[in-house]
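A.B. asks: sequence below, structure please.
(one chain, ligands or ions: 1)
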Amino acid sequence: MGVPLATIMLAAMLDQILCSPRLTVAFQPIVDVSAGRAVAYEVLGRAPANLPSTAGYAPPRPDQLVEMAWKQGRLVELEQAWRSIAIERIARLPDRADAVFFFNLDTRVIEDPCHIPGFTLRALERAGLSPKKIVLELSERDPELGGERIERTAAHYRSQGFRIALDDWGAGFSTLAAIVRCRPEFLKVDRSLIDGISDDTLRRDILQAVLTFCSCQGIHLIAEGVERGSDLATLLDNGVSLAQGYLLGRPAPEPTPPALHVTAVVEWLASRVRRPLRMSPRSIAIKPVTRADAIMQAQPAPSKALPYREFRFRV
Ligand SMILES: [Ca+2]
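C.D. replies: Model (predicted):
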């Protein structure tokens, strides 16, 4: 029995994508919302845009591309291609010395026979970059994320100088067991716990409990999926200092300062201060990355919520 036509077509498409010079990455800011500035960027793999469809198959989204590569036994190849592009792009950035970059890492690759230990470290060395500038996000896609593989993966990369983030925590396979196994420096709380938090006391209580836990353990909490001003206000009110989401900045071809939804933030601040605020959305300047390391390098998470008066928007 021959190979199904669909498999041949998808393999051909994958070949085309992996060889395409248009395979690229995007940068989404991770924002210190208490200071109003980007302190890091998540680097997201992107499929080439405007690829022609192959025999009726539309070009895949990045998540579809990952699964396609996994099924074809070429996930390592895809991850290495994205990693190489990301490192090359970061090396060319004028402000790279001040920035921290989060790379997504699919833990399934570590046991793949094609996996080359030290590939990322050597690529960084060639580019003159330190692994201290890189945080590896362990992906929720792995059904064994709570198992021993995450422990081995975290240990493997931490021994090379990388730091570890647990991605999409609270959803899918990313559980409490995963924290115990990989002892992350960063916990990225899934959007399902963040979206709508302003209207939901249960979500707020969960967040407070997780914040307390992270504070005790010296783990930096990052709220993912912030898309509404009211949710951002609630996060600020509850002492969350690091956040990511379309409200703060969409993935972009280059690292850019966060496009804070300043109107919502200013309105929220104005409702809480006694004296009138002398700032408007136009008067707030968001600084680009300048002090990422001061915040991101192995400091314990704040032990208590910052009062809003300490927010340091530049006016
Ligand atoms: Ca991620």
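
A.B. asks: quick one: secondary structure of K188?
C.D. replies: For K188, the reduced secondary structure class is strand; criterion used: DSSP: H, G, I helix; E, B strand; the rest coil.

A.B. asks: how many neighbouring residues does it have?
C.D. replies: When neighbours are defined as other C-beta atoms under 10 Å, K188 has 29 of them. C-beta here means a position set from N, CA and C on the backbone, and glycine is covered the same way.

A.B. asks: right, and it touches V226 too?
C.D. replies: No - contact criterion C-beta atoms under 8 Å: K188 and V226 do not qualify, at 11.7 Å.

A.B. asks: where does this protein have low pLDDT?
C.D. replies: When the per-residue scores of the chain are filtered using pLDDT under 70, the ranges that remain are 1-10, 20-21, 49-59, 95-97, 140-146, 173-174, 258-315.

A.B. asks: what separates the most centrally placed residue in it from H115, distance-wise?
C.D. replies: Nearest to the centroid of the C-alpha atoms of the chain, with distances taken as C-alpha atoms, centre = their mean, sits E42, at 3.9 Å. As for E42, its distance to H115 is 22 Å (criterion: C-beta to C-beta, to the nearest Å).

A.B. asks: which residues touch C182?
C.D. replies: With contact taken as C-beta atoms under 8 Å, 6 or more residues apart in numbering, C182 is in contact with 138, 150-151, 153-154, 164, 166.

A.B. asks: follow-up on the earlier one: so what sits against both of K188 and V226?
C.D. replies: Q244.

A.B. asks: please state the offset of stretch 167-185 from the chain centre?
C.D. replies: Chain-centre distance of stretch 167-185: 14 Å, with C-alpha atoms, centre = their mean, to the nearest Å.

A.B. asks: buried stuff in it?
C.D. replies: 167-170, 172-175, 178-179, 181-182, 184-185 (16 or more other C-beta atoms under 10 Å).

A.B. asks: state the pair within those that is farthest apart.
C.D. replies: G172 and E185 (20.6 Å; C-beta to C-beta).

A.B. asks: for the stretch 1-150 of the chain, what lies in contact range of the ion?
C.D. replies: In this structure, the stretch 1-150 of the chain approaches the ion at residues 104, 137, judged by C-beta under 5 Å from the ion.

A.B. asks: mind doing that once more with 6 Å?
C.D. replies: Residues of the stretch 1-150 of the chain found near the ion (C-beta under 6 Å from the ion) are 42, 104, 137.

A.B. asks: closest residue of the stretch 201-315 of the chain to the ion?
C.D. replies: E224 (7.8 Å; C-beta to the ion).

A.B. asks: burial count for that residue?
C.D. replies: When neighbours are defined as other C-beta under 10 Å, E224 has 23 of them.

A.B. asks: backbone dihedrals for it, please?
C.D. replies: E224 adopts backbone torsions of phi -100, psi 160, taken as degrees, to the nearest 10.

A.B. asks: ok, it - contacts?
C.D. replies: Applying C-beta under 8 Å, 6+ apart as the definition, the contact partners of E224 turn out to be 168, 188-191, 194, 243-245.

A.B. asks: how about the strands in this protein?
C.D. replies: With strands called from DSSP state E, the chain shows them at 24-32, 37-46, 100-105, 134-138, 163-169, 186-189, 220-223, 242-243.

A.B. asks: just give me the neighbour total for L202.
C.D. replies: Counted by other C-beta under 10 Å, the residues lying close to L202 total 9.

A.B. asks: distance of it relative to E224?
C.D. replies: Taking C-beta to C-beta as the criterion, L202 is separated from E224 by 18 Å.

A.B. asks: cool, C114 as well?
C.D. replies: 30 Å.

A.B. asks: what's the neighbour count on E88?
C.D. replies: Applying other C-beta under 10 Å, we find 13 other residues in the vicinity of E88.

A.B. asks: ignoring the adjacent residues along the chain, who's closest to it?
C.D. replies: Leaving aside its sequence neighbours, E88 sits nearest to A127 (C-beta to C-beta, 6 or more residues apart in numbering; 6.9 Å).

A.B. asks: repeat for Q244
C.D. replies: In space, Q244 is closest to I30, 4.8 Å off (C-beta to C-beta, 6+ apart).

A.B. asks: ok, the one you found - contacts?
C.D. replies: The neighbours of I30, taking C-beta under 8 Å, 6+ apart as the test, are 38-42, 102, 222, 242-244.

A.B. asks: can you put those in JSON lines and add distance to V25?
C.D. replies: What follows is the contacts of I30, written out as JSON lines (distance: C-beta to C-beta, whole Å):
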{"residue": "A38", "distance to V25": "16"}
{"residue": "V39", "distance to V25": "19"}
{"residue": "A40", "distance to V25": "15"}
{"residue": "Y41", "distance to V25": "10"}
{"residue": "E42", "distance to V25": "10"}
{"residue": "F102", "distance to V25": "12"}
{"residue": "I222", "distance to V25": "19"}
{"residue": "L242", "distance to V25": "21"}
{"residue": "A243", "distance to V25": "21"}
{"residue": "Q244", "distance to V25": "16"}
